[in-house]
Structure formats: C-alpha cells, structure tokens
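A.B. asks: structure of the sequence below:
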Amino acid sequence: MLRIHFTPADFTRIRVAGTPDPLWEITSSLHRLQTTRGRWAYADWYRTTRDTLAGTGLGTAVRQLLVPVLPRAVYLPDFLTPYEAADGLDRGLAAIVDTPPARVAREVRMLDRLSGAPSWAPRLVERRTREELVKALRAYYEAVIAPHHDRIYAGIAGERALRARLTLDTGIDGLLDGLSPVMRWQPPVLHVEYVEDRDLYLDGRGLRLVPSYFCWQSPVSLADDTLRPVLVYPLHGSRPPAAAPVEDAPLAALLGGTRAAALRSVALGATTSELARFVGVSPSTATHHTSVLRDAGLITSRRWHNTVLHTLTPLGAAMLRRTPAAPGHAPATHVDFRS
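C.D. replies: Numbers count the residues shown, from 1 in each chain. This is a model prediction of the structure:
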C-alpha cells in the first residue's frame, strides 16, 4: 500500500496533466508488451506493434535495451521518467542524457538489487551510453506510440475534463476520491494499492497526477521521495475505443457512423478540436456534427475562453448506455519480448 500524505498547502498544488507524458507512456506500453494482463484493452495496438517490431533492429533494441531497464517489476530507475517530460519528448530525453552520473549509478544499483539489471547497465553512467538509450527510446516512440497519438491524446483530454468537472462539483475530496477503484481517499491520506508498502509525504510540494493511456489498473509513483511527487494512474473507462463496435450498429444506423462516433467521443467531455481528432474529420465538419447533436438534445456545449466543451445530456447518455461498447479480444499468439 502506498500512502500519500497531504498537508493543506498540497491541496492548492495538485495538478492533472492535460497531455500525455511521452516517457510514462513509453514505460507503460513496454509493460503491456511484457504481460498478457489487460491486453484485451490494447488488442489492436498490440497487433500493430508486434508486426512493427518483429524481425527488426528496433525489435531487438526493445528486447535487449528498453525492457531490461524498464521491466514490469517492483522497481524502475526514476531518471528514465523525468519530470521534464511533461513539456514533451525532447525535453524528457534531454533530461535523461543530462542526469548526473552519480544518480544514474545509484539507481542502476537499486535496479540490480530489486529487479535485476542487465550486465551492460552500469555503463549508463557514461553519457554516450545514455545517448544510445535515448535514440532507442525515440525510435520506439515514433514507431509504436506516435501513430496512436490522437487516440491517446483524446483519452487524456477526456480524463482531464472529467476530473475538472468532479473538482468543480465536489471539490478536492471528490477529485481524490474518484481517481481509481484501487485508490481510497481518507483525508488527509490517499491510499493506493501498490507493489510495496510505503509512505510518501508531500510536505507542501503538491502532487502531479498523470493519467496514462497505457497504464493498466496499477498506479505508479517515483521511488525517490525527494523528487517532485508524481502519481501515474490508468484511464480506466475513459479510454476511447479504436473503432465503433458491432453493438454500435443501431446507433450508427440512427445517427450515421461518424455522428455516432462523435457522440461517443464526448462521453467524458471533449472540445471541438479533440472531437475532430478522434473522429478523423476537419474542425468545421466536427462543428457541424456537434450542431446536429446539440439540436437533437443529445449534447450540450459551453464556451470557455477560446474553446467549446461538449458534454452529453441525459438523453445522449441514455442512448450510449443502450449501445454498450464491447472490449476487443487479445490475439491468441503471445510474443514474449522479455526473451
């Protein structure tokens, strides 16, 4: 159990990431390759990634470089998921390269003690070795994460919109109490089901909440309590489907396929540009679809500064409940990237 202790000052310093953290998504997606647990939720991504990596130099790099230092295990080196990645992949990768060698050596020793490190890992204290690792991380991101950027971004944006509404409606207590089924808010402590038993005292530093598309069920935090506190947690039901399932056929017949997808995409709130990215249409076309859905009483739209946030009406939500999305199924073949 991870117990995160808040002080009054921490409540004003809670932040929810509004865009995907590329290095946490890399890390979590590598974990999806190492286990069949929860793979049904990523079935299409897994199939595409398996085909992309099979028999390639990148696939070898994933097996021999990335998975060994980012294993699905009790410990991961914190320097591989730096806070700077909140500002984008380039900033995050630069922070990895610039990590002080003494810190790298300390975290590699911890990896070896707690999870097992590859024989080459001690060479990460050398800047050149970190630069090579960063090249592999970038290549992996561009090959298997970037092609799914719009879907990932839409999921994170929907989660942020949901958390914003919960906070406005129920305050900080509602925000922290509704993060995940594996978290329990007992003021002033957030209890998180975790791989180890520990306490994290925020001491006024606040907490950055990072919703992650590829994180599955189990939240993740940094091992070093002296670093800026971060809690990565899964989207759960807020991840949008890759495509309209068979069960959406009646809704698509009524509204049209694109408009049915648009209705589903605003289930947790979406701006016009987010809806356009998810559905795959231009912003002007997305505006037309939202106008039709709004006139039909299925969504409501509210302007905030220079954006418009669309959310479901009770009637729109009822229509979606009658056409539930069914999860996909994992392929029978299991590729073990740990070997």
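
A.B. asks: how much space is there between the closest residue in space to V144 that isn't next to it in sequence and T271?
C.D. replies: Leaving out its chain neighbours, the residue that sits closest to V144 by C-beta to C-beta, 6 or more residues apart in numbering is T49, at 4.5 Å. (C-beta placed from N, C-alpha, C; glycine too.) According to C-beta to C-beta, to the nearest Å, T49 and T271 sit 29 Å apart.

A.B. asks: likewise for R91?
C.D. replies: As for R91, its distance to T271 is 25 Å (criterion: C-beta to C-beta).

A.B. asks: give me the more crowded residue out of the two.
C.D. replies: Legend: neighbour count by other C-beta atoms under 10 Å for R91 and T271, higher for T271 (21 against 15).

A.B. asks: quick check: the more buried one touching A157?
C.D. replies: Yes. Counting by C-beta atoms under 8 Å, A157 is a contact partner of T271 at 7.4 Å.

A.B. asks: can you tell me which residues contact Y194?
C.D. replies: M1, L2, S218, P219, S221 (C-beta atoms under 8 Å, 6 or more residues apart in numbering).

A.B. asks: tell me who's in contact with the last one.
C.D. replies: The reference is to S221. Counting by C-beta under 8 Å, 6+ apart, S221 has contacts L2, I4, V192, Y194, L200, P229, V230, L231, V232.

A.B. asks: would CSV of these with secondary structure and distance to I152 be doable?
C.D. replies: Listed next are these as CSV, based on DSSP: H, G, I helix; E, B strand; the rest coil; distance: C-beta to C-beta, whole Å:
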residue, secondary structure, distance to I152
L2, strand, 25
I4, strand, 25
V192, strand, 23
Y194, coil, 24
L200, strand, 27
P229, coil, 23
V230, strand, 18
L231, strand, 19
V232, strand, 14
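
A.B. asks: specify which member of the residues you listed is nearest to R103.
C.D. replies: Set against R103, the nearest of the contacts of S221 by C-beta to C-beta is V230 (16.6 Å).

A.B. asks: which residue is the nearest non-sequential neighbour of that closest one?
C.D. replies: R208 (4.9 Å).

A.B. asks: tell me which other helices or strands the helix or strand hosting that neighbour touches.
C.D. replies: Applying DSSP states H and E as the criterion places R208 in strand 207-212. With contacts defined as 3 or more C-beta pairs under 8 Å, 6 or more residues apart in numbering; DSSP states H and E, the packing partners of strand 207-212 are strand 14-16, helix 22-33, helix 149-177, strand 230-234.

A.B. asks: comparing these by mean pLDDT, which bottoms out?
C.D. replies: Lowest mean pLDDT of these: helix 149-177, a mean of 81.

A.B. asks: in that helix, what's buried?
C.D. replies: By 16 or more other C-beta atoms under 10 Å, the buried positions in helix 149-177 come out as 150-163, 165-167, 172, 175-177.

A.B. asks: same check, this time on stretch 120-130
C.D. replies: For stretch 120-130, the neighbour count (16+ other C-beta under 10 Å) marks A121, L124, V125, T129, R130 as buried.

A.B. asks: ok so, going back, quick one: average confidence on the following helix or strand past the strand holding R208?
C.D. replies: The C-terminal neighbour of strand 207-212 among helices and strands, as given by DSSP H and E, is strand 220-221. Strand 220-221 shows a mean pLDDT of 93.

A.B. asks: adjacent strands (with direction) for strand 220-221?
C.D. replies: Counting by DSSP bridges, the strands paired with strand 220-221 are strand 230-234 (antiparallel).

A.B. asks: that older thread, ok, the residue nearest to V144 - contacts?
C.D. replies: T49 touches S29, L33, V144, counting by C-beta under 8 Å, 6+ apart.

A.B. asks: give me the contact list for stretch 278-295.
C.D. replies: So stretch 278-295 is contacted by 150-151, 154, 240, 255, 258-259, 261-263, 265-266, 270, 272-273, 275-276, 299-301, 308, 310, 316 (C-beta under 8 Å, 6+ apart).

A.B. asks: hmm, try it at 10 Å
C.D. replies: 150-151, 153-155, 157-158, 240-241, 255-266, 270-277, 298-301, 308, 310, 312-313, 316 (C-beta atoms under 10 Å, 6 or more residues apart in numbering).

A.B. asks: ok, back up a step: now, among the contacts of T49, which is nearest to P181?
C.D. replies: For the contacts of T49, the minimum distance to P181 (C-beta to C-beta) is 22.0 Å, reached by S29.

A.B. asks: report how many residues lie close to the closest one.
C.D. replies: S29: 24 neighbours (other C-beta under 10 Å).

A.B. asks: now it: how far from R39?
C.D. replies: The value you get for S29 to R39, if C-beta to C-beta is used, is 12 Å.

A.B. asks: kindly report the same for Y83.
C.D. replies: Counting by C-beta to C-beta - Y83 and R39 are separated by 30 Å.

A.B. asks: residues contacting the closest residue to P219 other than its chain neighbours?
C.D. replies: The shortest distance from P219 to any non-neighbouring residue, by C-beta to C-beta, 6+ apart, is to Y233 (4.3 Å). Contact analysis of Y233 by C-beta under 10 Å, 6+ apart lists 159, 179-180, 182-183, 192, 209-212, 215, 217-221.
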